[in-house]
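Q: Just to be clear, the model below is a prediction. Sequence and coordinates:
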Amino acid sequence: MNAAFNIDLADADTFPSRRTEAWKYSDLKRYLREAPELSAATEIASAGAFDGLGGEAIVFANGRAVGVTDFIASGERTLRLRYVSDSVGTGHTASARVSARAGARLLVLETHEGAGSAYVAHNTLELDVAAGAEVTRVVLVEEPQDAISIAEAHVKVEAGGVYRQTVITTGAKLQRIETRITHFAQGAHVQADGLYLLNGSRHADLTSVVRHVEHDGATSQLIKGVARDTARGVFQGKIVVERGADGTDARMGHHALIASERAEIDAKPELIIYADDVQCAHGNTVGTLDESALFYMQQRGIPADEARALLTQAFLIEVIDRIEHEGAREVAREWLTARL
């Protein structure tokens, strides 16, 4: 299994290129040949998408923390995690650490917000889910078309823990959202969902690696995407079942729509199994909108653009519906609908 690539924005020698297998669809070196100048400090003038749901906050502005960067949850808590970029042609890095203690129920509402242009952002999150804890993470990513961004989450789920994740993005010049989960199973459950909706020449790469290292764990993953114009969507999903992880139940699905002749979807789902007595499956489909359904809707007076938007929403909404927290689900639904 490929290890995580250690990127340092201050050192161009650490930028991966297509020669690195895990980055062959998202050639960072092609777009970023030199280390960017460090972004200046900035102030945050607007509210975040999840502010109405309350809770506590970790906030970064151009990589600089506005307050604390670590959060430890016990009981039932809500954390709003905001990575805000407001710079032009410069780069910044931010890192947060979040832990859910045994028995905790934590809702992490994460946003990556771009207000500048042509910036480079590298954001990381270390997230620990203790035995018996339950963490739900919902991520909204909206950045300028000329931005380059990399977001990494390194998640550890202890025995009997529950971790649910939904990532929703509209892409950027080059955007990669990577999740690496170490799954200690023994009744633990992981749900790692996502969707991408891409227009123009935007690029979004949803990459994930889930390692089952103990027995009797479950993973469910559903990724859906739409690429229009000359956009490019990438899904790389890998589930590794290590020796001794018997009784693993792992399911992965990626389904995408290409909405123009020049759009592109690259998908690489993988199952690597070293254990016996497992139930594992993956599926991948790439197609176009149903022309007969479009015709049917137009015949009933619905304009073509509206019909396409409605069919696209119907295709993507399954991912949103899998968000269990009602408030977060409604914010995500409204956010997606506004961008269709």
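A: That came in fine, so what should we check first?

Q: can you list the residues that contact the least confident helix or strand in the chain by mean pLDDT?
A: In the chain, the helix or strand scored least confidently by mean pLDDT, DSSP states H and E is helix 291-299, which has a mean of 82. By C-beta atoms under 8 Å, 6 or more residues apart in numbering, the surrounding residues in contact with helix 291-299 are A304, A307, R308, L310, L311. To be clear about C-beta, it is placed using only N, CA and C from the backbone, and glycine gets the same treatment.

Q: go with 6 Å
A: Residues outside helix 291-299 that contact it (C-beta atoms under 6 Å, 6 or more residues apart in numbering): A304, A307, L311.

Q: Narrow these to just the buried residues.
A: A307, L311 (16 or more other C-beta atoms under 10 Å).

Q: And the contacts of helix 291-299, which is closest to A40?
A: L311 (43.9 Å; C-beta to C-beta).

Q: what's the neighbour count on the closest residue to the closest one other than its chain neighbours?
A: Using C-beta to C-beta, 6 or more residues apart in numbering and skipping residues adjacent in sequence, the residue nearest L311 is L289, 5.3 Å away. For L289, the tally of surrounding residues (other C-beta atoms under 10 Å) stands at 16.

Q: now do A96
A: A96: 24 neighbours (other C-beta under 10 Å).

Q: Do I have it right that it meets L125?
A: Yes. The criterion here is C-beta atoms under 6 Å, and A96 meets it with L125 at 5.2 Å.

Q: what's the first-to-last distance across stretch 246-264?
A: End-to-end distance for stretch 246-264: 37 Å, by C-alpha to C-alpha, to the nearest Å.

Q: in it, what's buried?
A: 247-259, 263-264.

Q: Among the contacts of helix 291-299, show me the least confident.
A: Among the contacts of helix 291-299, A304 carries the weakest pLDDT, at 84.

Q: ok, which stretches of this structure are helices?
A: 28-31, 291-299, 304-321, 326-339 (DSSP state H).

Q: got any ranges where this protein has weak pLDDT?
A: 1-4 (pLDDT under 70).

Q: The residue of it most remote from its centre and A309, how far apart?
A: Distance from the C-alpha centroid of the chain peaks at Q299, with 37.4 Å (C-alpha atoms, centre = their mean). Q299 is 17 Å from A309, where distance means C-beta to C-beta, to the nearest Å.

Q: Beta-bridge partners for L206, please?
A: I177, F235 (DSSP bridges).

Q: ditto for A100
A: A73, V129.

Q: circling back to that earlier point, what separation is there between the residue farthest from the centre of the chain and H189?
A: In terms of C-beta to C-beta, Q299 sits 45 Å off from H189.

Q: any chance you could map the strands in the stretch 1-150 of the chain?
A: 56-61, 64-65, 70-73, 76-85, 91-100, 105-114, 120-129, 134-142, 148-157 (DSSP state E, counting those that start in this stretch).

Q: What strands line up against the first one, and which way round?
A: Right, strand 56-61. Partners of strand 56-61, by DSSP bridges, with direction: strand 64-65 (antiparallel), strand 76-85 (parallel).

Q: For H92, give me its contacts.
A: S39, N62, G63.
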